[in-house]
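K.L.:
Provided below are the primary sequence and the corresponding predicted coordinates.
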Amino acid sequence: VYLIGRRLYGQEIGTRIAWIYALLFVPLLVMLGRFDVLGLTFLLLALYLTLVRRPLASGAVAGFGFLVKLWSVIVLPVAFWREPTRRSRALLIAVTVLTIVVVALPFVLLNPELFASSWTINLKRGSWETIWALVDGYTGYGKPGGANRFDPAQAGAGQHPSSLPWLLISAGFGLLYLWLWTRPIDWHDDRRAVAFTGLTMTLVILYLKGYSPQYLAWLLPFVILLLPGLRGIAYALLLSVVNIVESPIYFTVLPDQAWLLTGIVLARTGLLILLAVEYGRMALSEPIPARWSRRLCLGAVAVVAIMGLAAVPFAYDAYYQNRLAISPHRAAVEVLKNGAVPGARVIVGGDEASGAPRVFDDTYAFLQKQFDVTSVQTDWWYPDWEPRMARAVRGYDQTWLYAPVDSPLYGWLDERYTLIATHELHGWQVSGWDT
């Protein structure tokens, strides 16, 4: 990233680009858990070698990268046109293909079936986390196959069917790209070359059946390289935030909220289309005027912010309901919400042995908005609990107690106040008094 930035803008801006990229957390997160950064390294190195006019080295690096992740070869269309003669272009392609064959040959000989399945699986996989997946009605994550990904027989297993005309979709994207690639562009202009590579990467992500959060690592370098200022930072942060909402928030915390994934996919797709327009103008003609580019960026920030703010209350409510559904104290919470008046005093009582402190922690979040919740423990090392009970009930029209059935707190309240209701729940009891 630094070398390409320095090539495009000079030492100072190149260093700034490198620092911005280094401070983005998504590439680091991907690096710690995925191999995509390795394929990205080959792509960026091949692009840099193309810019410094070392086409054969670029082709070899792209060939290596292709065997890590197919996308590493997207630099070749740019490298192809930068070559002055047909012979040099043919040599570029030959070096790339030869590198792929030589490196792949040992793996083919060791296990041809497994090697072949690592390529054919891409034809079998369904859609996930994209516009295409939403149209197919699928709101889950991508599945490579069966339980054992090293078993060729399970490659592509468990995929959901697609009703989309993928032959037409592929033809449409292919013709669009062919039209863009054959435009009269000054391919020797380094910035146009990088912009076209960024455009290619963005179109590939828009075309793919599936999107996984680690794919963002392939997009961010071009955002920072082609928009090396506040606009680039804004787009990078927007894409990163959308990524985080997608995973872990959607898939780990709220996996049953399909509307959230829909918003995520629409936001990300919109941002990618805006970036594709920016890159396309940089590559094919002139960059979008700075004034309009800033307005587009600010508009994107505003739309994503509004979507986020609108989603927060619904996401919070969904999270609340999901946590309540799996809480062991759900029955007690529902009894209190249905039977106690708003603002009533709710006491979680008991001792250490009965797990009262943990019960208080587990129920407080569900009750604190509607009731005044406190805890009264009866362990010997605490001050006498009776004065604390007296202080706890003072000033409340209703007091409810959630404690083990043998807790002395029930007797203390029964002696002084009129019982409203009582419910026994698996060794614990919820009771209310008119205080």
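P.N.:
Now that the structure is in, tell me what you want to look at.
K.L.:
Am I right that T374 falls within a helix?
P.N.:
No. Judged by DSSP: H, G, I helix; E, B strand; the rest coil, T374 forms no part of a helix; its state is strand.
K.L.:
Please identify the buried residues of the biggest helix by length in the chain?
P.N.:
When the chain is parsed with DSSP state H, its longest helix is helix 290-326. Neighbour-count burial for helix 290-326 flags 293, 296-297, 300, 304, 307-308, 311, 315, 318, 324 (criterion: 16 or more other CB atoms under 10 Å). Just so you know, the C-beta spots here come from the backbone N, C-alpha and C atoms, and that holds for glycine as well.
K.L.:
Could I get the contacting residues of W259?
P.N.:
F314 (CB atoms under 8 Å, 6 or more residues apart in numbering).
K.L.:
check which helix or strand covers it.
P.N.:
W259 belongs to helix 258-284 when elements are defined using DSSP states H and E.
K.L.:
contacting residues around the residue lying closest to T202 once chain neighbours are set aside?
P.N.:
In this structure, T202 finds its nearest non-sequential neighbour in A276, 4.6 Å apart by CB to CB, 6 or more residues apart in numbering. Neighbouring residues of A276 by CB under 8 Å, 6+ apart: 199, 202-203, 206.
K.L.:
what's the closest of those residues to G432?
P.N.:
L206 (58.3 Å; CB to CB).
K.L.:
Look at the residue nearest to T202 and report its pLDDT.
P.N.:
At A276, the predicted lDDT confidence score is 97.
K.L.:
What of the one 10 residues further on?
P.N.:
Taken from the predicted model, the pLDDT recorded for E286 is 90.
K.L.:
now M201
P.N.:
98.
K.L.:
G156 too?
P.N.:
On the pLDDT scale, G156 is placed at 69.
K.L.:
Just the CA trace of stretch 427-435, in PDB.
P.N.:
Provided in PDB are the C-alpha atoms of stretch 427-435 (Å, rounded to 0.1, in the frame of the first residue of the first chain):
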ATOM      1  CA  GLY A 427     -37.500 -23.700  44.200                       C
ATOM      2  CA  TRP A 428     -37.700 -19.900  44.100                       C
ATOM      3  CA  GLN A 429     -40.800 -17.800  44.700                       C
ATOM      4  CA  VAL A 430     -42.200 -14.500  43.400                       C
ATOM      5  CA  SER A 431     -44.600 -12.800  45.900                       C
ATOM      6  CA  GLY A 432     -46.000  -9.300  46.200                       C
ATOM      7  CA  TRP A 433     -47.400  -7.300  49.100                       C
ATOM      8  CA  ASP A 434     -49.300  -4.100  49.500                       C
ATOM      9  CA  THR A 435     -46.800  -2.000  51.400                       C
END
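K.L.:
What mean pLDDT does it get?
P.N.:
In the prediction, stretch 427-435 has an average pLDDT of 94.
K.L.:
cool, and stretch 91-99?
P.N.:
pLDDT averaged over stretch 91-99 gives 97.
K.L.:
Could you find the closest non-adjacent residue to R6?
P.N.:
The shortest distance from R6 to any non-neighbouring residue, by CB to CB, 6+ apart, is to G14 (3.1 Å).
K.L.:
Contacts for the strand or helix carrying the one you found, please.
P.N.:
Taking DSSP H and E as the criterion, G14 maps to helix 11-23. Residues outside helix 11-23 that contact it (CB under 8 Å, 6+ apart) are 1-9, 27, 220-221, 224-225, 228, 232-233, 236.
K.L.:
Quick one: low-confidence residue ranges for the stretch 51-200 of the chain.
P.N.:
Within the stretch 51-200 of the chain, the stretches with pLDDT under 70 are 144-147, 149, 156-157.
K.L.:
For the strand or helix carrying L413, which residues meet the burial criterion?
P.N.:
Assessed by DSSP H and E, L413 sits inside helix 408-416. Within helix 408-416, the residues that qualify as buried by neighbour count (16+ other CB under 10 Å) are 409-410, 412-413.
K.L.:
And stretch 10-20, by the same measure?
P.N.:
Those would be 14, 16-18, 20, for stretch 10-20 by 16+ other CB under 10 Å.
K.L.:
Using TSV, please lay out those residues together with pLDDT.
P.N.:
Output for the buried residues of stretch 10-20, formatted as TSV (pLDDT from 0 to 100):
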residue	pLDDT
G14	95
R16	95
I17	96
A18	95
I20	95
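K.L.:
Of those, which is the nearest to T262?
P.N.:
Nearest to T262 among the buried residues of stretch 10-20: I20, at 30.7 Å, using CB to CB.
K.L.:
Any figure for the gap between that closest one and R231?
P.N.:
Note on I20: its distance to R231, by CB to CB, to the nearest Å, is 12 Å.
K.L.:
Likewise for W181?
P.N.:
In terms of CB to CB, W181 sits 26 Å off from R231.
K.L.:
Which one of these two is surrounded by more residues?
P.N.:
Neighbours per residue (other CB atoms under 10 Å) separate W181 from R231, with R231 holding more: 20 against 15.
K.L.:
and the residue lying closest to L296 once chain neighbours are set aside, what does it touch?
P.N.:
Using CB to CB, 6+ apart and skipping the chain neighbours, the partner closest in space to L296 is L274 (5.8 Å). By CB under 8 Å, 6+ apart, L274 lies in contact with 235, 296-297, 300.
K.L.:
where does the stretch 201-350 of the chain dip in pLDDT?
P.N.:
For the stretch 201-350 of the chain, no range has pLDDT under 70.
K.L.:
ok, back up a step: I'd like to check the angle between the longest helix of the chain and helix 258-284, please.
P.N.:
Relative orientation of helix 290-326 versus helix 258-284 (axes from the mean of the first three to the mean of the last three CA atoms, to 10 degrees): 160 degrees.
K.L.:
Can you give the distance from helix 290-326 to the centre of its chain?
P.N.:
Distance of helix 290-326 from the chain centroid (CA atoms, centre = their mean, to the nearest Å) equals 14 Å.
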